[in-house]
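Asks: Got a predicted structure here, sequence first:
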Amino acid sequence: MKQKLYKILPLVQKPARYIGGELNSIIKIPADVSLRFAFCFPDKYEIGMSHLGMEIIYFLINEREDTWCERCFAPDIDMEAQMRKEGIPLFALESKDALTEFDVIGFTLQYELSFSTVLNMLDLAGIPLLAKERKDLSNLVIAGGPCVSNPEPLADFIDVFQLGDGEELMMEFLDLYKKYKDAGKSKEEFLIACTKIEGLYVPSLYDVSYNEDGTIREIKPQKGAPAVVRKRVVKDLASVYYPDKFIVPFINIVHDRVSTEVFRGCIRGCRFCQAGFIYRPIREKPWQVIDNNARNLIDSTGYDEISLVSLSTSDYTELQPLLSSMIDWTTEKKINISLPSLRVDNFSNELIEKLKLIRKSGLTFAPEAGSQRLRDAINKNISEEEIMNTVRIAFSSGWTTVKLYFMLGLPTETKEDVEEIIALSRRIVDEFYALSNRPKGKVPTVKISASSFVPKPHTPFQWEPQEHRKSLIEKSEYLRNEARAPKSKIYVSAHDINSVFLEAVFARGDRRLSPILLEAWKRGCKFDSWFEHFNFDIYMEIFSDLGIDPEWYANRRREFAEILPWDHLDYGITKEFLIREAKKAYKSETTAHCRIKCSACGAASLNGGECGAKC
Ligand code: SF4
């Protein structure tokens, strides 16, 4: 196969995506291991190689002497065509062995529009797509990642889903797999045994029945599977495994840098944000551990940039000592520090002083909504005064470009709320010119990134309809038109409305959508998150041909009493809390963040992090 591969590599773009052998990638001898694991990322190499979770799990599994974990990414269109023509099955980068040689095929599901690519990768590997057609323990297909918080549209294809943090769960899963493989047990015996491990969900062991109106009547576990599967939580982040090296690609990738994790979870509770709920409780790493991780990663890779990763890095309680230490040694080594997630309400003068030392590009903030009323409804908990104060500090310190993230179609949004996005942006431009110590001879730039709201499972807005496409398009057009005004200094980029519609369908879909995905793959869908590959019309045709109404999934308001497709998956957040939060949103009432006051979301029952003792 290697010969065939080397024959086609000169015929495709970026052949370095497919050759492996990068610095720090791990080679083992197949005869020396008893388990082979293919970590599959259902997107192109440059995207997958930028994913922090992949680096962690790759090196973690390879710590095991009995297992070799390799990587596999979706080949781009040109490479796939060559592979199919030459009869080359999908292979793992390290050994170039076909995926059929592997015991476990593990996908990470980062976004709903990667689902069709999962199917295409399995097919290219020559592995049956439907779980029930894979009869024995080999080529067991598993999946983890945020979309597993409602994995039902993939229920027909995946054998086992892993809910929550992967570090401990993956090790227990592999131990169990090895035990059952060595003992010659059947796939069914293994799947039943999986249900005894917290965090493992076997969709084939649940029967789902429906009411006449299409809603779910019952989700019934079979063969001793638990009625509710609870996510796994790593309780102690100070000692959790973290790699001391990353793989260094031969080509540029999306995030060409190393990353160190600062904390997991979020104290904030923005009502639209799934990550803010499914990763609770908040667990910080001591700053010395992060600093040490960062030094190891820089020393072992040669990268000149390190990113401090979390959902809201300025909420890290030890940011000042961490930056103080890091600025010393990174300045000496000419390393750039990147802080991707900052909030405007704790953007202090001290922080800006540190940022001045490390930042060159524009500053990015996410007010999400233009008006205070709507920011309160979504519990963003930032005031206009805080936004203006932040831009004032930033402009006074020499920045001229501010990027602002907004969402259109948020629950309770009115026309006035959308108009306020432009009004707020104009006030920011005015603020620049009003400052006597603004950067002289320069003009401000306010970049608005307008995405559309997608209601997500396990959030207070999980019952909300997504706004209809036509009205979302009108709102985007309004922003664009306003920004076109002469000398506005405002620039608008808006996301594709059709793809967020499909995202909304699959995000809250049930297992009746598995046939849609199968048909979409048959009709050529893959890389749906790529604008140039996404074919919305084919999806609409398939929904029509199979008699399924996508708007029923995307644009329908659910009753609080309705059984939701993910109700048997427990991420620690109670439905009572989510309903309380939804009702507060309708009244534009805010909820204080976890460090001010616990609002009893349920995550304390997971026994980890900051909330345990006081809740
Ligand atoms: S239990 Fe309380 S402190 Fe813990 S995450 Fe929930 S609201 Fe925050």
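Replies: Received, thanks.
Asks: This structure against the ligand: which residues are in contact?
Replies: 280, 281, 594, 598, 599, 600, 601, 603, 604, 611, 615 (CB under 6 Å from any ligand atom). Yep, even glycine has a C-beta here, placed from its N, CA and C like the rest.
Asks: Narrow these to those that are buried.
Replies: 280, 281, 594, 599, 601, 603, 604, 611 (16 or more other CB atoms under 10 Å).
Asks: which one in the residues you listed is the model shakiest on?
Replies: Scanning those for pLDDT, the low point is residue 611. It has 80.
Asks: residue contacts, it?
Replies: Residue 611 makes contacts with 280, 281, 282, 594, 598, 603, 604, as judged by CB atoms under 8 Å, 6 or more residues apart in numbering.
Asks: wait, doesn't residue 590 sit right on residue 378?
Replies: No. Here residue 590 does not reach residue 378: they are 9.3 Å apart, not a contact under CB atoms under 8 Å.
Asks: These two: which has the busier surroundings?
Replies: In this view residue 590 and residue 378 are compared by other CB atoms under 10 Å, and residue 378 has more residues nearby, 25 against 16.
Asks: Please tell me I have it right and the more buried one contacts residue 366.
Replies: No. Residue 378 lies out of contact with residue 366 (CB under 8 Å); the separation is 10.9 Å.
Asks: so what's the residue in the stretch 51-200 of the chain that the ligand sits nearest to closest to, chain neighbours aside?
Replies: The minimum distance from the stretch 51-200 of the chain to the ligand, using CB to the nearest ligand atom, falls at residue 164 (14.5 Å). Among residues not flanking residue 164 along the chain, residue 231 sits closest, at 3.1 Å (CB to CB, 6 or more residues apart in numbering).
Asks: do you know how far that neighbour is from residue 73?
Replies: Shown here: residue 231 relative to residue 73, a distance of 26 Å by CB to CB, to the nearest Å.
Asks: Residue 158 now?
Replies: Separation of residue 158 from residue 73 (CB to CB): 18 Å.
Asks: what's the answer for residue 66, then?
Replies: Distance from residue 66 to residue 73, by CB to CB: 25 Å.
Asks: The two: who's more crowded?
Replies: More neighbours surround residue 73 than the other of residue 66 and residue 73, with 24 against 11 (other CB under 10 Å).
Asks: Backbone dihedrals for the more buried one, please?
Replies: Torsion angles at residue 73 (phi, psi; degrees, to the nearest 10) stand at phi -120, psi 160.
Asks: so it makes contact with residue 48?
Replies: Yes. Residue 73 lies in contact with residue 48 (CB under 8 Å); the separation is 4.6 Å.
Asks: Mind listing the shared neighbours of the two?
Replies: residue 41.
Asks: mind listing what the closest residue to the ligand within the stretch 351-500 of the chain touches?
Replies: Nearest residue of the stretch 351-500 of the chain to the ligand, counting by CB to the nearest ligand atom: residue 379, 11.8 Å away. Residue 379 makes contacts with 268, 269, 270, 271, 581, 584, 585, 590, 591, as judged by CB under 8 Å, 6+ apart.
Asks: any chance of those residues in TSV, with secondary structure and pLDDT too?
Replies: Below are the contacts of residue 379 laid out as TSV (DSSP: H, G, I helix; E, B strand; the rest coil; pLDDT from 0 to 100):
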residue	secondary structure	pLDDT
268	coil	93
269	coil	95
270	coil	96
271	coil	98
581	helix	98
584	helix	98
585	helix	98
590	coil	97
591	coil	97
